[in-house]
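Participant: Sequence and predicted structure are below.
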Amino acid sequence: MRLALISDVHGNIAALEAVLADARAAGAREYVFLGDYIFDMPFGEKVIRRLRSMRNAHFISGNREGYFERLDEADEARANSQQYGVVYQTWRELSADSKAFIRRLPKTLSLLLPSGRTLYAVHALNLSRADKNRFTSAGAFQRAMLEAPFTHAEYLKDYRAFLEGEAREAISALPGDLIAFGHNHLQSYGQSRGKWLVNPGSVSQPLDFNPGASYTLVDDLPGGFAVTERRARYDRAAAVCEAKRTECYRRGKCWMELVFREVQNGVDALPPFFECARRMCAETGAPGDPIPDAIMERALRESMKKYQRCLEIADRMCDNIGG
């Protein structure tokens, strides 16, 4: 049986449709979705409706779905801010059926496969006892890439050493023969102690310097698992143009411009942005949560200077990391 592992759609319906079409063409028969279906692109309702229409599909929740438990329309500072405007507007636009679907999602899933082995799905894993590293954090991945650029093949080689070394203890406590997870938007896979760990990356905003919509195919074979990483192409510029015509964009323009950088380039836009925003808040004595709209706008402009170096590396590395 061929499974498609899909994670971190983040409201990007165009990217999701591209991945589903690619997976069907590649012979996928079952689909496992690993959470974060809504935010930060503005098509959350379309995404949820599409997922609800699918057969042979299994779903868990992600941290983005958990945001709804903390929404408070009475908190006008947040509800009307550029930082959180997309979150609140997405919630307003979701239908009652879509909200009910989200609320019913389990946090984990155990799936018995035809081979008799078990797939365990969870949105996020903590595999490191130390500080975040390039295998667990997109921000740390970006810092490492800036220091000494590396190819995806080199990354996977080092990732497997990490799984067999520092992460061994955490992995031994996990259930299942195949552990599927997402959250950090970094596509990867490897083995440790007889278990396979597979992260399909992000459909909407992969952050490993490769903007192609990522997902992973897994073949459940009598002799073991076979893993194939995939990237689906779609018109990212057209998706961004459509997003700019939405109410979400009007209410959260600054935040969505950061999202657009990630969609277009496959590079994390948040570290340089928050570095600028926090410094500006400290210098002016402004509150940091929510970040004032004026500071959001200034930090958005200033952070592009640091982001540009990442883009130069991404352009140079693209042919070596999967295009």
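Facilitator: Sure thing, it's come through. Since this is a predicted model, take the numbers as computed values, not measurements.

Participant: Which parts of the chain are helices?
Facilitator: Listed in chain order, the helices of the chain (DSSP state H) span 13-25, 44-52, 63-66, 76-79, 85-93, 96-104, 138-147, 152-164, 168-172, 236-243, 247-251, 253-265, 270-284, 293-317.

Participant: what mean pLDDT does the third one have?
Facilitator: Right, the one you point to is helix 63-66. Mean pLDDT, helix 63-66: 94.

Participant: Show me the shaky parts of the protein.
Facilitator: Low-confidence segments of the chain, defined by pLDDT under 70: 318-323.

Participant: let's see it at 90
Facilitator: 67-77, 128-132, 193, 306, 309, 313-323 (pLDDT under 90).

Participant: can you redo the helices of the chain as TSV with distance to residue 123 and mean neighbour count?
Facilitator: (C-beta placed from N, C-alpha, C; glycine too.) Below are those laid out as TSV (distance: least, CB to CB, whole Å; neighbours: other CB atoms under 10 Å):
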stretch	distance to residue 123	mean neighbour count
helix 13-25	17	20
helix 44-52	15	19
helix 63-66	7	18
helix 76-79	24	14
helix 85-93	17	22
helix 96-104	13	14
helix 138-147	15	18
helix 152-164	19	16
helix 168-172	16	14
helix 236-243	24	17
helix 247-251	23	20
helix 253-265	19	22
helix 270-284	18	17
helix 293-317	26	16
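
Participant: CSV for those helices, including distance to residue 125?
Facilitator: Listed next are these as CSV, based on distance: least, CB to CB, whole Å:
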stretch, distance to residue 125
helix 13-25, 22
helix 44-52, 22
helix 63-66, 13
helix 76-79, 29
helix 85-93, 24
helix 96-104, 22
helix 138-147, 14
helix 152-164, 11
helix 168-172, 8
helix 236-243, 28
helix 247-251, 30
helix 253-265, 22
helix 270-284, 20
helix 293-317, 25
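
Participant: Compare those helices and report which one is nearest to residue 209.
Facilitator: Each of the helices of the chain has some distance to residue 209 by CB to CB; the shortest is helix 293-317, at 4.4 Å.

Participant: If anything else comes up later, I'll come back, but that's it for now.
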